[in-house]
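Asks: Here is my input, please return the structure:
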Amino acid sequence: MNLKAAHHDVTMSPFEILIAAIERGDLLPGERLQETRLAEQFGLSRTPIREALHRLETLGLAEPGPQRGLIVASISYERLRQLFAVREGLEKMAIQLAVSAASDEEIALLQRMVDSEKTLTDSKALHDHNRLFHRQIYRSTHNPYLNEMLDNLRIHLSLLRGTTYALTDRAEEAKCEHQAIVAALALRDAEAASAAACQHIRNGYRARLAIISQSEG
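Replies: Residues are numbered from 1 along each chain as shown. Below is the predicted model:
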């Protein structure tokens, strides 16, 4: 675990600090969440760290370990299926709302993001860009309630190890899927946009299963 206090903004709560560490991969699934060590690393007292760990456990992001204390939760095969089922539903809702709510300028921004993505080859850079791309779609819905649900979903997705962009051909496939989504948005075609968004999530799920299969092989 390589945690540095400088990694977080002073305005972030202890809970947000731990979430950010999980999303960066500084805290990995199965890793012990030692209250004293986390407090020392982040320059915080043990009480707010303890409260943050309790909140992580309540959300299912931390679970009891084989020894005393909590560990970062791991996503089981069944939970992964459930997670992607919910993700597909929320992404479909987001794209349908964006078709009517997104401004021309927001759609143009998404197109520029797709264009810039074409030059990316590094799997980590593509993974980060993908997150920004989807976040921009969510913002384009102008629906704070949906954004809150998607933020919570993103936190759970952060428990997944590695990136599907490390798989051969997935990067180019995803780039084409992003372009199809934006093209449909530009036409204000809700049916085509929904179909493209759902296919993108299904292909991502298929790629994630492939990663699991490789790790178990």
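Asks: residue ranges with poor pLDDT in this structure?
Replies: For the chain, applying pLDDT under 70 flags the ranges 1-10, 215-217.
Asks: Can you check which helix is longest in it?
Replies: Looking across the chain with DSSP state H, the single longest helix is helix 190-216.
Asks: Just list the residues touching the residue lying closest to Arg46 once chain neighbours are set aside, thanks.
Replies: Among residues not flanking Arg46 along the chain, Ala39 sits closest, at 4.7 Å (C-beta to C-beta, 6 or more residues apart in numbering). C-beta coordinates here come from the backbone N, C-alpha and C atoms, glycine included. Neighbouring residues of Ala39 by C-beta atoms under 8 Å, 6 or more residues apart in numbering: Ser45, Arg46, Ile49.
Asks: What about those residues, which one has the most neighbours?
Replies: Ile49 (24 neighbours; other C-beta atoms under 10 Å).
Asks: other SSEs contacting the host helix or strand of it?
Replies: Take DSSP states H and E as the rule and Ile49 turns out to sit in helix 46-58. Applying 3 or more C-beta pairs under 8 Å, 6 or more residues apart in numbering; DSSP states H and E, we find helix 46-58 packed against helix 14-24, helix 35-42, strand 62-64, strand 70-72.
Asks: try it again with 7 Å
Replies: Judged by 3 or more C-beta pairs under 7 Å, 6 or more residues apart in numbering; DSSP states H and E, helix 46-58 is in contact with helix 14-24, helix 35-42, strand 62-64.
Asks: All good on my end, thank you.
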